[in-house]
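Colleague: Requesting a structural model of the entry that follows:
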Amino acid sequence: MLAKMTSLSVNLVQRYLPSPFVFAMLLTVFVLIFSMLGTGQSAPQMAQHWGTGFWTLLTFAMQMALVLVTGHVLANAPVVSRQLDRLARLATTPGQAIVMVTLVALAGSWINWGFGLVVGAVLARALARQVKGLHYPLLVASAYSGFLIWHGGLSGSIPLSLASGGADLERMTAGVLSAPIGVENTLFTVLNLSIIALLVIGLPILNRAMLPAIPTVADPELLREPKVEQMPRHTPAQRLDDSRILGLLIVLLAAVYFGYYFITNGFALTLNIVIGLFLFTGLLLHGTPERYMRAVQESVSGISGIVIQFPFYAGIMGMMIGANAEGMSLGKQITDAFVAWSTADTFPMLAFLSAGVVNFFVPSGGGQWAVQGPIMLPAGQALGVAPEVTAMAIAWGDAWTNMIQPFWALPLLAIAGLGAREIMGYCLMMLIYSGAVIAGCFYFLT
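Modeller: Got it, this is the predicted structure:
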């Protein structure tokens, strides 16, 4: 039964899913039409919302790009790459390879979403070189499945936003919150850890069960590692570029800063702190500024889709929250529809489902938070639902439908050398399983 469903899913996606950039354009048109119909605004008015929103996420886009680049560089550090190659040699069958890459990607994404995407793709390539008869599209899809738990992990932008506090938090929650809520009340709760545990147990089993009888193996040329050129060290400038001492001095300076930060603030992770930790850890592991920058240059190509598509999704977000004279917007209509069906018992689950729907149009944790935070947190508060529960429902909804929203798969696909159509059919099955798990936890554990 699962094999038939998977085959149907793969065929449908390969036939009808457009490229990610075209997908963003189609969503722009879709939101434009439905916003005009739903709010009664004219095309010029919606164009103003779109144009105004187009540039509103540039700071967050830079943060997301840095998360990916620093994660990519860390995953490609020699010591990390060697360990991944050694790990790949432990798998001797396709089933073992699928389970291994799923677990490693889950662990990596919990630590840092950019690191998880990259380490999953790098390990998938290593496994494809080691294991004969391995179905490469499912292997890469399994690596992407780890991304499901990123918003329940240490780099989740919504729990980190809650932990940051301040005027931005008050604005994002329509005045419900101004004081920070620490990660012990979001990431390290029974609810969040239960969701993660069920995904860590179930996803490897599901992914292994989807192995087809006739595999599609990777092209050997696709898996060939690029040659590393050795830079000459004949001049003082070249020796300085390749100086371990200079790199260590900068890492030491960063260690002093981070040590003081954690002593002063406790385990208060913010997005910028996470980026900094990965940046300087990567510099330490690569050894010299020259080697680190070469790794950065290799990783930058993976963010091309993010760089050009982020403004389009920001424009979509602008139309989603662009209100008419009565204060009604398409985003508010979608959210209000879910709220209208809710009780205190069902609100967290329906908040999760609504966030999953909104994520199709705004595939950004920060953008999602901007659209739904000011609406959902006051509604949850009115029903007696704790703000941190509502916020984590939004966070998990954002992570959930990433499985069939191709935007965040772009960096991983760039490393793996595949297209979105080749993995999204498998990701659809992962979406169904994870949706049942997460919705059930928000219903029964809140």
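
Colleague: Remind me what the strand or helix carrying L160 packs against, helices and strands.
Modeller: Using DSSP states H and E, L160 sits in helix 157-164. Secondary-structure packing of helix 157-164 (3 or more CB pairs under 8 Å, 6 or more residues apart in numbering; DSSP states H and E): helix 166-172, helix 271-286, helix 365-383, helix 387-400. Every C-beta, even on glycine, is put in place using the N, C-alpha and C of the backbone.

Colleague: Now with 6 Å, please.
Modeller: Contacts defined by 3 or more CB pairs under 6 Å, 6 or more residues apart in numbering; DSSP states H and E place helix 157-164 against helix 365-383, helix 387-400.

Colleague: How far does the longest one sit from its chain's centre?
Modeller: Here the centre of helix 365-383 is set off from its chain's centre by 19 Å, with CA atoms, centre = their mean, to the nearest Å.

Colleague: can you check stretch 20-27 too?
Modeller: Using CA atoms, centre = their mean, the distance between the centre of stretch 20-27 and that of its chain works out at 18 Å.

Colleague: Please enumerate residues in contact with that stretch?
Modeller: For stretch 20-27, contacts defined as CB atoms under 6 Å, 6 or more residues apart in numbering pick out 309, 312, 316, 361, 406-407, 410, 420.

Colleague: pLDDT of it, averaged?
Modeller: Mean pLDDT, stretch 20-27: 84.

Colleague: Make 49 the first number, not 1, from now on.
Modeller: Fine by me, first position is 49 from now on; the one you just mentioned is stretch 68-75.

Colleague: Using CSV, write out every CA atom in it.
Modeller: Provided in CSV are the C-alpha atoms of stretch 68-75 (Å, rounded to 0.1, in the frame of the first residue of the first chain):
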residue,chain,number,x,y,z
PRO,A,68,10.8,26.9,-7.2
PHE,A,69,11.1,30.3,-8.7
VAL,A,70,8.1,29.8,-10.9
PHE,A,71,6.3,28.4,-7.8
ALA,A,72,7.0,31.8,-6.1
MET,A,73,5.7,33.7,-9.0
LEU,A,74,2.5,31.6,-9.2
LEU,A,75,1.9,32.1,-5.5
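
Colleague: Pull out the buried residues from that stretch.
Modeller: 68, 71-72, 75 (16 or more other CB atoms under 10 Å).

Colleague: now swap in stretch 324-334 and tell me
Modeller: For stretch 324-334, by 16+ other CB under 10 Å, it's 324-334.

Colleague: of these, closest to L259?
Modeller: L259 lies nearest to F326 out of the buried residues of stretch 324-334, by CB to CB, at 33.0 Å.

Colleague: Contacts only, for that closest one.
Modeller: 118-119, 122, 160.

Colleague: Residues contacting stretch 117-127, please?
Modeller: 160, 162-163, 166-167, 170, 323, 326-327, 329-330, 333-334, 343-344, 347.

Colleague: which non-adjacent residue is nearest G204?
Modeller: Spatial nearest neighbour of G204, chain neighbours left out: A443 (5.8 Å); criterion: CB to CB, 6 or more residues apart in numbering.

Colleague: Let's see the pLDDT reported for the one you found.
Modeller: Confidence score, pLDDT, at A443: 95.

Colleague: My guess is it contacts G201. True?
Modeller: No: judged on CB atoms under 6 Å, A443 makes no contact with G201 at a distance of 10.2 Å.

Colleague: So between those two, which is more surrounded?
Modeller: Per other CB atoms under 10 Å, whichever of A443 and G201 has more neighbours is A443, with 28 against 23.

Colleague: Contacts only, for that one.
Modeller: 199, 204, 206.

Colleague: Take those residues and lay them out in TSV including pLDDT and neighbour count.
Modeller: TSV is the format used below for the contacts of A443 (pLDDT from 0 to 100; neighbours: other CB atoms under 10 Å):
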residue	pLDDT	neighbour count
H199	92	29
G204	87	31
I206	90	27
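
Colleague: which among the residues you listed gets closest to D216?
Modeller: Nearest member of the contacts of A443 to D216, counting by CB to CB, is I206, at 12.4 Å.

Colleague: And that closest one, how far from G295?
Modeller: 34 Å (CB to CB, to the nearest Å).

Colleague: Can you tell me which of the buried residues of stretch 68-75 is closest to L182?
Modeller: Once CB to CB is applied, the member of those that ends up nearest L182 is P68, at 25.3 Å.

Colleague: Grab the nearest non-local neighbour of that closest one.
Modeller: P454 (4.3 Å).

Colleague: Count the residues that sit near the one you found.
Modeller: 27.

Colleague: Please name every helix or strand in contact with the top helix by length along the chain.
Modeller: In the chain, with assignment by DSSP state H, the single longest helix is helix 469-492. Helix 469-492 is packed against helix 50-64, helix 184-193, helix 238-257, helix 395-409, helix 435-448, with contacts defined by 3+ CB pairs under 6 Å, 6+ apart.

Colleague: most packed of these?
Modeller: helix 184-193 (a mean of 29; mean count of other CB atoms under 10 Å).

Colleague: helix, strand or coil for A174?
Modeller: helix (DSSP: H, G, I helix; E, B strand; the rest coil).

Colleague: Quick check, pLDDT for V276.
Modeller: V276 is given a pLDDT of 50.

Colleague: Where does pLDDT dip in the protein?
Modeller: 49, 51, 269-270, 272-282, 315-319, 350, 415 (pLDDT under 70).

Colleague: my read: G200 touches I244, true?
Modeller: Yes: the pair formed by G200 and I244 meets the contact definition of CB under 6 Å, at 5.5 Å.
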